[in-house]
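1. build me a structure from this.
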Amino acid sequence: MLLPTERMAIAVSVSGHDQATILAAIRACQKYPIDLIEWRLDTCLAAGYQPDAVAMRLIIAASQVPVILTYRTSDEGGDYPFDANLYTQLYLNGWQAGAAFLDVEYHVWSKVHLALAPEKPAIISSYHNFKETPHNLAERINIMGQTQPAMIKIAVMSHSSKDTDYLLETIAACQTIPMIGIAMGATGERSRTAGFNYGSRITYTTLPDTSPMAPGQIDLPTLITIVHKGHPRF
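-> Alright, predicted model coming up:
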């Protein structure tokens, strides 16, 4: 799929405890000029809902914008532990149902690639660190790039403007593969709006009246205003 070329794409993360709740969230997203929906499967699982193949097809088909499927493991700040069989089952069902991207944490790729690779999915290879901004990001990105994903996502906790600068400058220097760079926390908020200037392609948020899924997320109406500022449609 093609992402916007003049600004970051806006992805809204949704989840729910059943099919109806998720469909309602997707309908709510359609009121806003967004580019992607991120369906957080781990949050569904934590709430006791495991969608089958039929439900995944219905939910993905209901979205007017492309869908990123994300099973964020508890090892990287998600809501559900890694289960290789469940992980691959959900991702294969979702990809076959029409998902645009599968977000796969790099640390689990070796455990799932044999099952996923034959389908040739568009993978967002991701790394999340909710504690700090490690200062070996370029090396990490180079290693992640060896799996030839469609995109690489780096989300790290920023404790200072220097952390945010380092993340953004590293993203800018690593443009062989399309990048997503997020500095979490209050000092990293500008990465969510100005990241496109450094080559970051997607910024994430949630619907109004929905709790943020990561520290420092900007509310959807504000994010739309900032990201679309100067764009001829707004």
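
2. list the buried residues for stretch 50-62?
-> If you call a residue buried by 16 or more other C-beta atoms under 10 Å, then stretch 50-62 has these buried ones: P51, A55, M56, R57, I59, I60, A62. (C-beta placed from N, C-alpha, C; glycine too.)

3. hmm, I typed the wrong one, I wanted stretch 178-196.
-> Within stretch 178-196, the residues that count as buried by 16+ other C-beta under 10 Å are 178-185, 187-196.

4. double-check that I180 belongs to a strand.
-> Yes. Using DSSP: H, G, I helix; E, B strand; the rest coil, the assignment for I180 is a strand.

5. spatially, what comes nearest to P134 if we skip its sequence neighbours?
-> Nearest non-adjacent residue to P134, counting by C-beta to C-beta, 6 or more residues apart in numbering: V156, 6.9 Å away.

6. which stretch of helix or strand covers I154?
-> Counting by DSSP states H and E, the element that carries I154 is strand 151-157.

7. can you give me the offset of the helix or strand just after that strand from its chain's centre?
-> Reading on from strand 151-157 to the C-terminus, the next helix or strand found by DSSP H and E is helix 161-173. On the basis of C-alpha atoms, centre = their mean, to the nearest Å, helix 161-173 sits 19 Å off its chain's mean C-alpha point.

8. repeat that for stretch 162-182.
-> Taking C-alpha atoms, centre = their mean, one finds the center of stretch 162-182 at 16 Å from the center of the full chain.

9. ok, residues contacting that stretch?
-> 3, 124, 132-133, 135, 137-138, 141-142, 145, 148-158, 183, 187-188, 190-192, 194-195, 198-204, 214 (C-beta atoms under 8 Å, 6 or more residues apart in numbering).

10. what strands line up against the strand holding I154, and which way round?
-> Strand 151-157 has the following strand partners under DSSP bridges: strand 123-129 (parallel), strand 179-184 (parallel).

11. how many neighbours does P134 have?
-> Residues lying near P134 (other C-beta atoms under 10 Å) number 15.

12. oh, that last question was meant for D42, not what I typed.
-> D42: 22 neighbours (other C-beta under 10 Å).

13. give me the distance between it and D165.
-> Remark: distance between D42 and D165 (C-beta to C-beta, to the nearest Å) = 31 Å.

14. again, but for P149
-> Separation of P149 from D165 (C-beta to C-beta): 25 Å.

15. so for those two, which residue has more residues nearby?
-> Per other C-beta under 10 Å, whichever of P149 and D165 has more neighbours is P149, with 23 against 16.

16. right, I'll leave it there.
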